[in-house]
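In: Output the structure for:
(chains A and B)
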Amino acid sequence: MTTQDLDRSMPEGALAQSAAPDAAAAPKQARGAAGGRNPLMTVLSVFGSMKFAVVLFLLLGLLTWLGTLAQIGDGLWKTQKEYFESWWLIAKLPLSIWNTPLFPDEAGKPFELAIPLPGAYPVMALLFVNLMVGGLLRMRWRIRNVGVLVVHLGMALLLVAGFVKMEYSYSGSLALYEPGPGGQQVADRQHEAATFVSFHDHELALLIDKGETVVERVVPEQTLLGAADGTVTLRAEGLPFRVELRYWMDNCRVLPKGPMFRAPTPVLEVDGSQMFLRPEKVQDQRSSNVAGCYATVLTDDNERIETMLVSSPFRLPMDRRRFPFAFEVGGQRYGLDLRRVVYDLPFSVRLDRFVKRDHPGTTTPADFRSFVKVDDNGVEREAQVYMNTPLRKDGYVVYQTSWGPASPEGRPLGPPWYSVFEVAENPSDKWPEYACWVIALGLLMHFIPKLMRFLNSSGREALIS
Amino acid sequence: MMHALEASPARPRWQSILAVAAALCLSLLASCGRAAPELGIEPDRIEPWSEEVVDELARVPIQDNGRIKPLSVLAAVTLYKVHGRRDLKFQITKGGDVEKTTLNPTEWLLDVWCYPRQAANYPLFRVEHSGVLDALEVENDGQKQGFEFLSYSQVYRKVDKLEELAQSYGKLEREKRSEVQEHIWQLWLRFLRYNTLQQQLGALASPTPVADPGLQEKLGGERVTLANLVANAGALQAAIQKVQPDGTGGPDGLLDIANYMRRALDNDRGGAKLFAPVGTSLEGADDLDKITWRTLGEASEQVIRGQRGDVQDAIVALGSAVTAPSHPDTERSLLEFSGAASRAAAPFCAPDNIDREAYYYVAGWAYQSIHWFLLGLILAVFTWLFRGSKLLLWASFGVTVLALGMLGYDLVLRCLITGRPPIKNLYDTFLFIAFVGVFVLMLTELVLPRRIALAGAPFLGALLVHFARMYELSDGSDTMDPLVAVLDSNFWLATHVTTINIGYAAGMVGALLGMAWVVMRASTLFHPSDHQMKAVVRSAYGVTCFGLTFAVVGTILGGVWANDSWGRFWGWDPKENGALLICLAQISLLHARFSGLVRDMGFMLWAIATGIVVVFSWFHVNLFQTGLHSYGFSAGLLNAVWISYSALFSFIVVGAIDGLLRPNPVRRVAADASSKAAEAAAAGSS
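Out: I've put the predicted structure just below:
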């Protein structure tokens, strides 16, 4: 056997076979371009090519790596927005080797290399296109490739699941107090709820007092944001007034007006004091932001009622009472409530008992567990929610996330305890799991026969002879 | 007909390389033996501890850090933490004689408890920075290199200064402390740790005066220790019961004894819980690990409140051991203690499991495996020289499989002891990845027997197990500690954690093969189209496919777990990103190969780069101290990470330079001729 013969029977020969779809695509593309017959096919062949896939993988890898490093300084939430939920960004790579900063500035911080990159969103969208075109449509549908096709299908499902989660899922918090000794409930405390509250999105509710019940009309945050640098006028059909909103602030504080300074916003008399809203730096931890704005109610009789609206900081179960701004027009009582978005649950949850257990003799948590009763239209059932085991019902998932009361240092101050749940509605909740099995199956379908073929091939014989 | 190949001129070169390597190894081994520090006082204990005592005491069940474990493990973990070694060595020079002593952790602990004066003079606290000695005003030669041991009594003399400095540095954030400040802070923590251990039996040795003569008679003397009170618990209880509600009626000095008891209770509050909670109802306790055990003070209190039996006997025996006039008496009392304490503990623990854990540390199968891996490596290298010897080949294969078996048995023991899947913390990942890596390499050797994976397997095994031991020492905590709530899921530990770590292992194996390939090519001993080289490429390809399967499945499973515990599938958390990076590295590697973007050289360098990604996600992200996944930290670890980066990267550089300088290497004439001769011979024979 000569060297040349040897080379031909090398694994590369075997690999070239797998590369067949791409290799076959190349001449087609050349012909298409030369004849100028179908420019669409040319575009598709580029977007669907395996080389383009490699570029996308590397881009996503670079983004992920830089996004991981950025978290050291910027924290998770900010980095997530900047790197992984954006269209493009300028990534910063602090240059350091062996923990020693390179070209440090005066403060000793390393020189930061600025790298413009597309965000993870477009990269993954392109990856999806590449996968559909190159990995599924243009792939040769042969028995040998079934495994690869299945893997690509699973990957597509995974990407779709991510998209659905990002676009259609919402989540919030539900905090419940356990009953006191003897099972008694405390008026201020929330022991049972059929709603949950968004972590950071706000809404403005107009409350109409109908005596027995209160009717709500809700304006989403998207609309309210217009009041940041202008006036948003809200007019509810059939009501004798309109509401004007101004000075929207993502984070603010109510402060008394002192004599020595000028307030940046209008000063109003609230409960006999001169108060104004001061804009504050928006916190990275968005749940600690307190949104606010000025509202003017203009009745059809040209009466003006002015007030300021402030959402509460994140709600804990001990302050379930809210004090919306109340006013009266034409003998009818109304209220305006700026609050975190309230979502309805199709069932109610009541906390019976919360148990926190440490490993004996230590402060290492061993278990957090909430014993709840779920009431679904009069049908009650008991359930436990604990770490790694959420409660799934009617498309909603309820997770154990936190507990209290505790001192700022984390020293427990109960019982009675309250338990904080995260509630999420996610249509693609289980899709990644299905995708995982599909991908695993596809990989096995592809690699095991391939290994078997190799074990019995002349290529292997040549390598071990 | 392979003998013809051996006639190639490559052989003398191999031998010279081997000779240099062997000389290096020998000089390394020679530099390991060094003089032990001098004890500096006349020892109180002249005889060594008898094997029986050490063995029995090692297996006494205790509860520490939330877990029931043998006493020997408490001793070992404390010694790792304060001493930074697995044993304690010192020597006593008398006249011209030098007597060297090596204590295992249990022997050391027994000295700390029974011979505290001697133990206080042991060379214990390892000081690695002369600035620490300067700050404490301890004499030193100012050498920054190396380290020195300070004894407890040496540090104790400077304790005010140390505490003052440590308190001020402790307030600083870790990143803001200078190197010396960090060392001083760590020394203080280690000092406290030793102090806690040493004080635990303090009340058994430090007596309190008894005022009332009647009470003196009942309690056994004018001055009594906690052991006396426990021994005469009946009499003490009777005296207490005489006290009227208004506080009168009891014998004189009862209040002093009550205060003494309170001090005894406070004394070892933070220490290990040495006694089973006898009297606690076991009904309804679904898990023995949920019951809190008792410290010496708490157990003594229970005895004085009326509990009798084994716990009382154990405390009294321990008291005798601490105050015994002679070494044989001490040993006898210790045996009584271990018997009584073990009997008391039996219903509250799984005694078989305690014995198993004590055995685990004595046997040290993972440690044993290092030696056999090294032997396998040496044999594998010799198979390169003596290509014809089947015996050598089988010996190398057999020894490595034997070492793999030892490592596997070590992992099985860990699973049995903890009742959990093989990986629970960062330490476990070393052993597991070593096991999987060696296993995968041996498989590739079976598929493509070119003797390269045969050498790579034991090399990887020895290296990773050695790293595991270094990590265990530097971390200084019990590697079987109970898990925090979110990790407490055997299902997910067995699925996600195991699969993702198999992915890591395969990534490391791929990188190792890439490095082997680079060396083979750069050494000019092989031509890129040689069977050996092609076989390495093919193995790396197979390993990458294998690794990709596990990395992808493991990563997605991790998301599914996160979805169940935190309510989101993917959060771009550092550990998640790390796993994704490995998947991306391997996916892009395979696609680059399929699409013809890279050939052998590109593939192998990319495989090494994947190794860098593995180091990043396996370790580096844990050192960020951000994100939900950060569970391990050790300062020295960051250095190890950078060393790994540099090592892997240098192979990429070497490979790339070699590829640029010799893009199409010319086949060496001699080798070519010899292989032609071989082919001719093969053709002739067939």
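In: can you tell me the helix or strand for B:Ala235?
Out: helix B:233-241 (DSSP states H and E).
In: scratch that, B:Lys89
Out: Using DSSP H and E, the element containing B:Lys89 is strand B:88-94.
In: can you give me how far that strand is from the chain middle?
Out: Remark: strand B:88-94 is offset 26 Å from the chain centroid, using CA atoms, centre = their mean, to the nearest Å.
In: any idea how far the residue in chain A that chain B sits nearest to lies from B:Asp289?
Out: In chain A, the residue that lies nearest chain B is A:His359 (2.8 Å; CB to the nearest CB). Yep, even glycine has a C-beta here, placed from its N, CA and C like the rest. Distance, A:His359 to B:Asp289, using CB to CB, to the nearest Å: 8 Å.
In: So what's the residue count around the residue of chain A closest to chain B?
Out: By other CB atoms under 10 Å in any protein chain shown, 22 other residues sit near A:His359.
In: For burial, what's the neighbour tally of the residue nearest to it when sequence neighbours are not counted?
Out: Closest residue to A:His359 apart from its sequence neighbours, by CB to CB, 6 or more residues apart in numbering or on different chains: B:Gly66 at 2.8 Å. Neighbour count for B:Gly66, taken as other CB under 10 Å: 21.
In: where do the strands sit along the stretch 351-465 of chain A?
Out: Applying DSSP state E, counting those that start in this stretch to the stretch 351-465 of chain A gives strands spanning A:365-376, A:379-386, A:391-393, A:396-404, A:418-425.
In: Run through the residues of the stretch 101-250 of chain A sitting next to chain B.
Out: With CB under 8 Å from any CB of the partner chain as the criterion, the stretch 101-250 of chain A meets chain B at residues A:158, A:161-162, A:165, A:171.
In: try 10 Å this time
Out: A:120, A:134-135, A:148, A:151, A:154-155, A:158, A:161-162, A:165-166, A:169, A:171 (CB under 10 Å from any CB of the partner chain).
In: before we move on, the earlier item: of the strands of the stretch 351-465 of chain A, which is nearest B:Pro449?
Out: strand A:365-376 (49.6 Å; CB to CB).
In: Which elements pack onto the closest one?
Out: strand A:192-210, strand A:332-358, strand A:379-386, strand A:391-393, strand A:396-404, strand A:418-425 (3 or more CB pairs under 10 Å, 6 or more residues apart in numbering or on different chains; DSSP states H and E).
In: Parallel or antiparallel, list what pairs with that strand.
Out: Strand pairing for strand A:365-376, using DSSP bridges, gives strand A:332-358 (antiparallel), strand A:379-386 (antiparallel).
In: So for the shortest one, what gets flagged as buried?
Out: Buried residues in strand A:379-386, defined by neighbour count with 16 or more other CB atoms under 10 Å in any protein chain shown: A:383, A:385-386.
In: you'd agree the residue of chain A closest to chain B is up against B:Asn65?
Out: Yes - with contact defined as CB atoms under 10 Å, A:His359 reaches B:Asn65; the gap is 7.6 Å.
In: Quick check: neighbours shared by those two?
Out: Both A:His359 and B:Asn65 are contacted by B:481-482, under the criterion CB atoms under 10 Å, 6 or more residues apart in numbering or on different chains.
In: Please give me every residue in contact with B:Tyr260.
Out: Contacts of B:Tyr260 by CB under 10 Å, 6+ apart are B:203, B:206-210, B:224-226, B:229, B:253.
In: In terms of helices and strands, where is it?
Out: If you go by DSSP H and E, B:Tyr260 is part of helix B:254-267.
In: Secondary structure class of A:Asn145, three-state.
Out: helix (DSSP: H, G, I helix; E, B strand; the rest coil).
In: Okay, the residue lying closest to it once chain neighbours are set aside and B:Leu375: tell me how far apart.
Out: Take A:Asn145 and drop its neighbours on the chain: the residue closest to it by CB to CB, 6+ apart is A:Met139, 6.0 Å away. Distance, A:Met139 to B:Leu375, by CB to CB: 49 Å.
In: And B:Leu590, by the same measure?
Out: B:Leu590 is 36 Å from B:Leu375, where distance means CB to CB.
In: Now for B:Trp394, how many residues are close by?
Out: Counted with other CB under 10 Å, B:Trp394 comes out at 12.
In: Check the gap between it and chain A for me.
Out: To chain A, B:Trp394 is 16 Å away according to CB to the nearest CB, to the nearest Å.
In: Okay, and that residue sits in which element?
Out: Residue-wise, B:Trp394 maps onto helix B:390-418 under DSSP H and E.
In: Go through the contacts of B:Tyr260 and say which is closest to chain A.
Out: B:Ala203 (18.8 Å).
In: Any regions of chain B where pLDDT drops low?
Out: Scanning chain B for pLDDT under 70 picks out B:1-20, B:23, B:26-35, B:141-146, B:174-175, B:284-285, B:625-636, B:668-686.
In: if you set the cut-off to 80 instead, what comes out?
Out: Counting by pLDDT under 80, the ranges of chain B that qualify are B:1-36, B:128-129, B:139-147, B:173-179, B:245-252, B:282-287, B:566-567, B:623-639, B:667-686.
In: Find the closest residue to chain A in it.
Out: Counting by CB to the nearest CB, chain B gets nearest chain A through B:Gly66, at 2.8 Å.
In: what residues are up against that residue?
Out: So B:Gly66 contacts A:358-364, A:366, B:273, B:289-290, B:292, B:478, B:481-483 (CB under 10 Å, 6+ apart).
In: B:Pro213 too?
Out: B:222, B:251-252 are the contacts of B:Pro213 under CB under 10 Å, 6+ apart.
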